[in-house]
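[1] Prediction below, plus the sequence it came from.
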Amino acid sequence: MQLQSDIQSQSRTMGLAARGFRPLYRAGSVNHCPGCGQTQWHVGRMSAECAHCGTAIPLAHVAAQPMQPLFHVTESATILAA
Ligand SMILES: [Zn+2]
């Protein structure tokens, strides 16, 4: 019975991922962990980690930004030599 429950829970989780479910940490609101349901987090600059089970999710305002390089190299001896 427990095994069937675990399989149903796992297939439901995989179904959510296949449909594009992506949990995000939203600053200023109560965020429930998708792994355990707790609401305490260690918040970093890029992601938040559940204090109870360690599940890490990206911050919503970071995930909304397009990926960009941190700096641009405009002149490089290596690039000019190639
Ligand atoms: Zn958790």
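    The structure has been received and is ready for your questions.
[2] Name the residues of the protein found near the ion, please.
    Near the ion, the residues belonging to the chain are 33, 35-36, 50, 52-53, 55 when assessed by C-beta under 5 Å from the ion. C-betas here are computed from N, CA, C, even on glycine.
[3] Quick one: those residues as a markdown table, columns for neighbour count too.
    Below are these laid out as a markdown table (neighbours: other C-beta atoms under 10 Å):
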| residue | neighbour count |
| --- | --- |
| Cys33 | 21 |
| Gly35 | 15 |
| Cys36 | 12 |
| Cys50 | 22 |
| His52 | 14 |
| Cys53 | 12 |
| Thr55 | 15 |
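[4] Next step: these restricted to strands.
    When the residues of the chain next to the ion are checked against strands (DSSP state E), the matches are Cys50.
[5] can I get the residues of the chain next to the ion in a markdown table with pLDDT?
    A markdown table is the format used below for the residues of the chain next to the ion (pLDDT from 0 to 100):
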| residue | pLDDT |
| --- | --- |
| Cys33 | 96 |
| Gly35 | 93 |
| Cys36 | 95 |
| Cys50 | 97 |
| His52 | 96 |
| Cys53 | 97 |
| Thr55 | 95 |
